[in-house]
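Peer 1: I'd like to go over a predicted model; first the sequence, then the structure.
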Amino acid sequence: MNSFVFACIAPHGTEIIPELAGKDPGRMSETRESMFKLGTEMEKAKPDVIVVLTPHGTRINGQFSITDSERMMGTVDEEGIFFEMEKRVDREFARSIAEKAAGKDVPVGTINFGTSAGPISCLPIDWGAMVPLRFMPEVPIVVINPSRELSFEKHVEFGQALREAAEASSKRVGLIASCDWAHAHDENGPYGFDPAAKKLDEEVVSFIKQNDLEGMARFDEDFIEAAKPDGIWQTLILAGAIPPGEREIDFLSYEAPTYFGLICAAVK
């Protein structure tokens, strides 16, 4: 039985946030519409806590990092327009995840800032968490950052530990794998153009539609480096947390309106 009330694969381009759509609101409109759908589904599921897997949070080399502060706060902007967010952290659930991971010999650390507790205990919340959370219900969160120094197998194992923490909890747990995909679609983008970008995104779409998230672990290292995705690691954690026989995937959308690919999919 799926231990999560709702899960999804969601992107984090900042223009997806309606308040930051800017002068060209149509550029990510398909993705934005899909994000509203994912948010509606998460709302219906009534989670007590939402776990966000992001590639852009506080990194610990060689370890998964888990937020253990009282709250998180951050700002993102597009062309001088600012969007702010503050969230409470479910510290109890964060520590449970860390305990389960350590029990599997998965390298993990919990992180805090300022003071051990109280209002000064506050970590920055990155855009990889902020963008999908803009569309989600107002509940406490746990933000987790993977480590690319660790193997794909360790990411699946960490997902299994996350599953065990959800099973041991009386809380209704939502899960978001925050993923943008290949970043080399546009020669004018910051990473230039590589034909591997289109090929990788097509294969990722196929894996998701076939409910074969584990297939992403078979990508060649050079292929990944050429295409420059940032979604594989979070997706493999989700795959470990919700095994193939317990998940049903509803693929909503794919587009690459700028230099990186955007995918929305519900995992039920």
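Peer 2: Sure thing, it's come through. Being a predicted model, the structure only gives us computed values, none of them experimental.
Peer 1: report pLDDT for the residue nearest in space to the middle of the chain.
Peer 2: Taking CA atoms, centre = their mean as the criterion, Ser178 is the residue nearest the geometric centre of the chain, at 2.1 Å. Ser178 carries a pLDDT value of 98.
Peer 1: thought it was touching Gly57?
Peer 2: No: using CB atoms under 8 Å as the test, Ser178 is too far from Gly57 to be in contact (9.4 Å). C-beta: built from backbone N, CA, C; applies to glycine.
Peer 1: what residues are shared contacts of these two?
Peer 2: Common neighbours of Ser178 and Gly57 (criterion: CB atoms under 8 Å, 6 or more residues apart in numbering): 128-129.
Peer 1: buried sites along stretch 157-164?
Peer 2: Going by neighbour count (16 or more other CB atoms under 10 Å), the buried part of stretch 157-164 is 157-164.
Peer 1: and if you look at stretch 61-75?
Peer 2: Under 16+ other CB under 10 Å, the buried positions of stretch 61-75 are 63-72, 74.
Peer 1: before we move on, the earlier item: which one of the buried residues of stretch 157-164 is nearest Glu138?
Peer 2: Of all those, Leu162 has the smallest distance to Glu138: 22.1 Å, by CB to CB.
Peer 1: quick check: pLDDT value at the residue lying closest to that closest one once chain neighbours are set aside.
Peer 2: Leaving aside its chain neighbours, Leu162 sits nearest to Ala241 (4.7 Å; criterion: CB to CB, 6 or more residues apart in numbering). If you check Ala241, the pLDDT there is 98.
Peer 1: re the thing from before, output the buried residues of stretch 157-164 as TSV; include the columns distance to Leu236.
Peer 2: Listed next are the buried residues of stretch 157-164 as TSV, based on distance: CB to CB, whole Å:
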residue	distance to Leu236
Glu157	10
Phe158	9
Gly159	7
Gln160	11
Ala161	13
Leu162	12
Arg163	13
Glu164	17
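Peer 1: which stretches in the stretch 1-150 of the chain count as strands?
Peer 2: Secondary structure of the stretch 1-150 of the chain (DSSP state E, counting those that start in this stretch): strands located at 6-10, 49-53, 64-67, 71-78, 81-88, 108-111, 122-124, 141-145.
Peer 1: which secondary structure elements does the fourth one contact?
Peer 2: So that's strand 71-78. strand 81-88, strand 122-124, helix 127-133 (3 or more CB pairs under 8 Å, 6 or more residues apart in numbering; DSSP states H and E).
Peer 1: out of those, nearest to Gly22?
Peer 2: strand 81-88 (7.0 Å).
Peer 1: A strand includes Ala197, no?
Peer 2: No: the assignment for Ala197, made by DSSP: H, G, I helix; E, B strand; the rest coil, is helix rather than a strand.
Peer 1: residues contacting it?
Peer 2: 182-185, 226-228, 256, 261.
Peer 1: in JSON lines: the residues you listed, plus neighbour count.
Peer 2: Converted to JSON lines, the contacts of Ala197 look like this (neighbours: other CB atoms under 10 Å):
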{"residue": "Ala182", "neighbour count": "27"}
{"residue": "His183", "neighbour count": "21"}
{"residue": "Ala184", "neighbour count": "24"}
{"residue": "His185", "neighbour count": "23"}
{"residue": "Ala226", "neighbour count": "17"}
{"residue": "Ala227", "neighbour count": "26"}
{"residue": "Lys228", "neighbour count": "22"}
{"residue": "Ala256", "neighbour count": "18"}
{"residue": "Gly261", "neighbour count": "28"}
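Peer 1: in helices, which of the residues you listed fall?
Peer 2: Counted as lying in helices by DSSP state H, out of the contacts of Ala197, are 226-227.
Peer 1: output stretch 215-230 as CSV, restricted to C-alpha atoms.
Peer 2: The C-alpha trace of stretch 215-230 is given here as CSV (Å, rounded to 0.1, in the frame of the first residue of the first chain):
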residue,chain,number,x,y,z
GLY,A,215,15.0,3.3,-15.7
MET,A,216,16.7,6.7,-15.2
ALA,A,217,19.4,4.9,-13.2
ARG,A,218,20.5,3.3,-16.4
PHE,A,219,21.5,6.6,-18.1
ASP,A,220,25.1,6.9,-19.0
GLU,A,221,27.2,9.4,-17.0
ASP,A,222,28.4,11.2,-20.2
PHE,A,223,24.9,11.4,-21.5
ILE,A,224,23.7,13.0,-18.2
GLU,A,225,26.6,15.5,-18.3
ALA,A,226,25.8,16.5,-21.9
ALA,A,227,22.1,17.0,-21.3
LYS,A,228,22.4,18.5,-17.8
PRO,A,229,19.2,17.4,-16.1
ASP,A,230,18.7,18.0,-12.4
